[in-house]
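Colleague: Here is my input; please provide its structure:
(one chain, ligands or ions: 3)
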Amino acid sequence: MKQTKDDYDKFHRKPMQVHNAQKLLSSYGKPGPTEKIPLQEGHGRFLAEEVQAPHPFPRFRRSGMDGYAIRSEDTTQCSSDNMIWLDVIDEIPCGYVSEKTIISGTAARIMTGAEVPEGADAVVMLEMTELREHEGRTQMGLKRMIEAGKNITPVGFEVKEGEVLLRTGRQIQAGEISVLASFGVHQVTVYQKPRIAIFSTGSELLTLDEPLQPGKIRNSNTYMLASQVRVAGGEPFILEAVMDDLPLAKAKVEQALQEYDAVVTSGGVSVGDYDIMGDFARSDSVEMLYNKIAMRPGSVTTAAVKDGKLLFALSGNPGACFVGFELFVRPFILQSVGSGKPYLTEWTAVLDQDYTKVNAFTRYVRGRIEVRDGILYAIPAKVDESSVMVTIKDSDCLIVIPPAKSVTPAGDKVKVLLLKGNTL
Ligand SMILES: Nc1nc2c(c(=O)[nH]1)N[C@H]1C(S)=C(S)[C@@H](COP(=O)(O)OP(=O)(O)OC[C@H]3O[C@@H](n4cnc5c(N)ncnc54)[C@H](O)[C@@H]3O)O[C@H]1N2
Ligand code: MOO
Ligand SMILES: [Mg+2]
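Modeller: Ligands and ions are numbered 1, 2, ... in the order given. You can find the predicted model right below:
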């Protein structure tokens, strides 16, 4: 069979380095529109506004103990031989503000978290005191000197009024929710989740509920990708898988590019006769950004753009599909939701065992990290072929093996990209 110009383009692809592809894509990954949502739905989202403290925190002088609010100067002569007795003039539970002023010779019983009454400058713990009825008055006795400020949290101890509490781009997690709730911020302005259309291509694909048929397999990539989209902070939309039919796939992808913020497909990007997504990316319908990346797995990972929207055409092989998502789609989603840290967290580890595969391209090998005697080790998965699906679940990192002509020996320092890392 004669080779055509298209065959030539299909076979002779120019590989792009991973970081160059990421850089190219980053001009499309911008924080999108914002929305106001209830605070309790905000976990994991990124703030699209700066939040300042409308008041100091704590807002009033707060007792740190159950005990008595006193004037410290009343205790200067106090000792085990010289007990002093103060008249108890009020009882202050949490949420109640005393109208009394503590003057010399008096005290108020107070609970943890209650506002310390005027005149008092210390709180003494209940356990250090005695109680008596004396000449018709309730009195508390004390044998120790108490210094000024004891067990009182001053106004603004944690936060001053007007202080910036949280900056734009901060991810809302438990600590941030606590801060926002403390200041009564019941609604937060966050970046909207990008709507990501997902579909797989392949005439061999069965839906999950279809009975097995000869030569066919179940479509696992679509569901794996939907899970990855969700974890990254996007909203996945699962579209029906398409057969290896170029006009059909073209129509579906073009429509999805209009309706969603980005489209992720799996399959059909290699050089095979039915690798229609590769053909589509090279067609006039879209502007191709790259169709080969200097990496394994997923060297044929492809991306294109149409009307400013990205099409990520990932490899069909599950291992390559997974890695392609983590390296290229995940950062796009994180940039769209306002994260300042869109790429996988990178650590350095010691390679635990020889890695024997050689390659001209950098490999992103799935594996595990383990700390032994304070040293971080990277343990490659037993099977990490691009076509292998089952070890994805056992991996918490991608081990970066640089291009190598021979074995990468155990003991070498390698980069690891954390798959379960944070996005702060
Ligand atoms: N002559 C060459 N052949 C291949 C090359 C090459 O350079 N020259 N590259 C190989 C590499 S590397 C990869 S990776 C794959 C890429 O394949 P495609 O992206 O074109 O994907 P498909 O051909 O559609 O499928 C590959 C494989 O994955 C299975 N698959 C596809 N979709 C799904 C899905 N949704 N869920 C589960 N599994 C899926 C599919 O059945 C195939 O087994 O090409 C190599 N070939
Ligand atoms: O593109 Mo393939 O995943 O390099 O093995
Ligand atoms: Mg193929």
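
Colleague: contacts, neighbours, all on C-alpha from now
Modeller: Noted.

Colleague: May I have the distance across stretch 382-401, first residue to last?
Modeller: End-to-end distance for stretch 382-401: 15 Å, by Cα to Cα, to the nearest Å.

Colleague: What of stretch 201-217?
Modeller: Per Cα to Cα, stretch 201-217 runs 12 Å from first to last residue.

Colleague: does it come close to ligand 3?
Modeller: No. For stretch 201-217, no contact with ligand 3 is found by Cα under 5 Å from the ion; the gap never falls below 8.8 Å.

Colleague: So which residues on the chain come close to ligand 2?
Modeller: Applying Cα under 6 Å from any ligand atom, one finds that the chain approaches ligand 2 through 296-300, 320, 386.

Colleague: And those, which two are furthest apart?
Modeller: Greatest spatial distance among these (Cα to Cα): V300 and S386, at 11.4 Å.

Colleague: Nearest residue to S299 in space, please, no chain neighbours.
Modeller: When the adjacent residues along the chain are set aside, S299 lies closest to I293, with 4.9 Å between them (Cα to Cα, 6 or more residues apart in numbering).

Colleague: If you could redo that for R132, that was the one I meant.
Modeller: Q139 (5.3 Å).

Colleague: That neighbour: what's it in contact with?
Modeller: 85-88, 131-133 (Cα atoms under 8 Å, 6 or more residues apart in numbering).

Colleague: If burial is judged by neighbour count, which of those pass?
Modeller: For those, a burial check counting by 16 or more other Cα atoms under 10 Å picks out 85-88.

Colleague: now, which of those residues lie close to ligand 3?
Modeller: Within the buried ones among the contacts of Q139, nothing lies near ligand 3 by Cα under 5 Å from the ion.

Colleague: which residues of the chain score low on pLDDT?
Modeller: 1-2, 421-424 (pLDDT under 70).

Colleague: Domain ranges for it, per the record?
Modeller: 5-33+193-336, 36-57+157-191, 62-153, 346-418 (automatic domain parsing).

Colleague: burial of P214, as a residue count?
Modeller: Per other Cα atoms under 10 Å, the neighbour tally for P214 reads 6.

Colleague: measure it to ligand 1 for me?
Modeller: According to Cα to the nearest ligand atom, to the nearest Å, P214 stands 13 Å off from ligand 1.

Colleague: quick one: which of the residues of the chain next to ligand 2 sit in helices?
Modeller: A320 (DSSP state H).

Colleague: Which parts of the protein are helices?
Modeller: 5-11, 18-26, 174-182, 221-232, 246-259, 276-282, 318-324, 330-336.

Colleague: Of all those, which one comes closest to ligand 3?
Modeller: Closest to ligand 3 of the helices of the chain is helix 276-282 (Cα to the ion; 8.4 Å).

Colleague: The closest one near ligand 3 at all?
Modeller: No. Residues of helix 276-282 contacting ligand 3 under Cα under 5 Å from the ion: none, with a closest distance of 8.4 Å.

Colleague: Show me which residues of the chain sit near ligand 3.
Modeller: Counting by Cα under 5 Å from the ion, the residues of the chain near ligand 3 are 268, 270, 275.

Colleague: would a markdown table of those residues with neighbour count and distance to V286 be doable?
Modeller: Converted to a markdown table, the residues of the chain next to ligand 3 look like this (neighbours: other Cα atoms under 10 Å; distance: Cα to Cα, whole Å):
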| residue | neighbour count | distance to V286 |
| --- | --- | --- |
| G268 | 26 | 16 |
| S270 | 24 | 18 |
| D275 | 21 | 16 |
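
Colleague: re earlier: quick check: the gap between the residue nearest to R132 and G175.
Modeller: In terms of Cα to Cα, Q139 sits 42 Å off from G175.

Colleague: what pairs with the residue nearest to V329 when sequence neighbours are not counted across the strands?
Modeller: Spatially, and ignoring its direct neighbours in sequence, V329 is nearest to F312 (7.1 Å; Cα to Cα, 6+ apart). Per DSSP bridges, the residues bridged to F312 are V264, A303.

Colleague: who touches F312 in this structure?
Modeller: Contacts of F312 by Cα under 8 Å, 6+ apart are 262-265, 301-304, 329.
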